[in-house]
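> Let me see the structure of the following:
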Amino acid sequence: MKTLERFLRYIRVGTSSSETSGTHPSTEGQFELAKILVTELLSMGIPKDDIFFDEEHCYVYALIRSNAGDDLPSTGFIAHMDTSPEASGENIRPQVIFDYDGGDITLSEGKILSPAMFPELLLYKGKTLVTTDGTTLLGSDDKSGIAEIMAMAEYFMTNKDIRHGDIRIAFTPDEEIGEGTMFFDTERFRSGPAYTVDGGRLGEISYENFNAASAVITVNGINVHPGEAYGKMINSQLVAMEIATRLPKDQRPDNTRDREGFFHLCSIEGDVSKTVMRYIIRDHDRSKFEEKKSLITAVCGEVEGIYEGVEIKADIKDTYYNMRDIMEPDNMFIVEKVIRAMEDLGITPVIEPVRGGTDGAMLSYRGLPCPNICAGGHNFHGVYEYVCVESMDKIADLLISVVEKG
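The predicted structure is shown next:
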């Protein structure tokens, strides 16, 4: 299993990103993993001059030079080093389950990974799974992608007789908080077709994703002693709850799927005086995306008008846009290349929109069209996350095939 050992090594490093640290990268653990990757790239035999570690912002770039002159184009692969802050990424204790029997998997007391809740588990009967212990996420998003890219790199460094164009590799920080490409050096990367290896189950390929924005809503209420509050106190927490209830219930993540967008209340914290709500806004359709942002602003204005003396501020910032507008029609050959490679390997292509975003979405708008391909994991960002080892190995083969196709 060419990816398992690498994957287990990478997830031992805690690399959760942070939305509140204010640094770039947002956490120190990402530096630790970056240094490990640089060491491994060097140990493969990639010359030091063809590896660049941005020690200020924590990006790793590597080049495996063409052995076919200019006859074959360059191909780029990108994966991110951070894991989601939505669940703990520290002290990950994975379980490796060989020859999975198709039944329930006990992660920890009260945490069961079951086909009854996650029916796609049955796809992996007889396979090898890596799961969490029920207390952390796993880190398959995106350390599976890293392991697959590294396995691909080692293959070409070991089999130097296999003709290929330039292979460009990049590992980025802070993708999970929307800052993965903030300091990405596209001039250094200089790839032809490029791919983020950051998707889900084997066969997935995506060239469209959400348009995305964040909304920070700050409610300033009026606080007085509760014994003297009659006609005076306006509890900011209750005002915030009113804002939440005025947004459409059928446009929450748990009520939407496919290309349906949503408002997602990520956190709410405060007291009588001040409450802060953090939302993310998502939609594949650009016009509906703009409507959602306008609705947040309108609702805040309506509620503020009800309560004299209350101040409500909605700070809305765009994060990324749907790469489909970049891919179609001129860059679809990048997608078609992967589809051919999948079919040659007996993988059934599954073309579907990403209900999220990737570094590739932002890079596409910076002149580097970059669709997203599978990394093999499921149930990202939580304790039920798992990955199939055979899928990771097959995806490493897929990356090799994409390079060989030129």
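> Do a quick rundown of the strands in the stretch 1-150 of the chain.
Along the stretch 1-150 of the chain, the segments classed as strands by DSSP state E, counting those that start in this stretch run 51-54, 59-64, 75-80, 95-97, 105-108, 111-113, 129-131.
> contacts for the second one?
Read that as strand 59-64. With contact meaning C-beta atoms under 8 Å, 6 or more residues apart in numbering, strand 59-64 is reached by 34, 37-38, 41, 46, 50-54, 81, 153, 156-157, 164, 166-173, 183-185, 188-189. Using the backbone N, CA and C atoms, a C-beta is placed for each residue, glycine as well.
> Adjacent strands (with direction) for that strand?
Here strand 59-64 has these sheet partners by DSSP bridges: strand 51-54 (antiparallel), strand 167-172 (antiparallel).
> Just name the most buried of those.
strand 167-172 (a mean of 26; mean count of other C-beta atoms under 10 Å).
> Could you look up the next helix or strand downstream of that strand?
helix 186-189 (DSSP states H and E).
> Whichever helix or strand comes after that following helix - contacts with which helices or strands?
Remark: after helix 186-189, the chain's next helix or strand is strand 194-199, criterion DSSP H and E. Here strand 194-199 touches strand 75-80, helix 140-158, helix 332-344, helix 359-364, strand 372-374, helix 389-405, going by 3 or more C-beta pairs under 8 Å, 6 or more residues apart in numbering; DSSP states H and E.
> Now the weakest link among the ones you listed, please, by mean pLDDT.
Of all the helices and strands packed on strand 194-199, mean pLDDT reaches its minimum on helix 359-364 (a mean of 91).
> Do me a favour and get the end-to-end distance for stretch 370-386?
25 Å (C-alpha to C-alpha, to the nearest Å).
> same question, stretch 8-22
For stretch 8-22, the first-to-last residue distance is 29 Å (C-alpha to C-alpha).
> before we move on, the earlier item: okay, the strands paired with strand 59-64 in JSON lines with mean pLDDT and distance to Glu328 next?
Compiled in JSON lines, these are given as follows (pLDDT from 0 to 100; distance: least, C-beta to C-beta, whole Å):
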{"stretch": "strand 51-54", "mean pLDDT": "98", "distance to Glu328": "32"}
{"stretch": "strand 167-172", "mean pLDDT": "98", "distance to Glu328": "24"}
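> now those as JSON lines including distance to Thr132?
What follows is the strands paired with strand 59-64, written out as JSON lines (distance: least, C-beta to C-beta, whole Å):
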{"stretch": "strand 51-54", "distance to Thr132": "30"}
{"stretch": "strand 167-172", "distance to Thr132": "23"}
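> Not counting its own residues, what contacts stretch 27-36?
Taking C-beta under 8 Å, 6+ apart as the rule, stretch 27-36 contacts 9-10, 13-18, 21, 25, 53, 58-60, 81-82, 171, 173-174.
> Now the buried members of the residues you listed.
10, 13-17, 25, 53, 58-60, 81-82, 171, 173-174 (16 or more other C-beta atoms under 10 Å).
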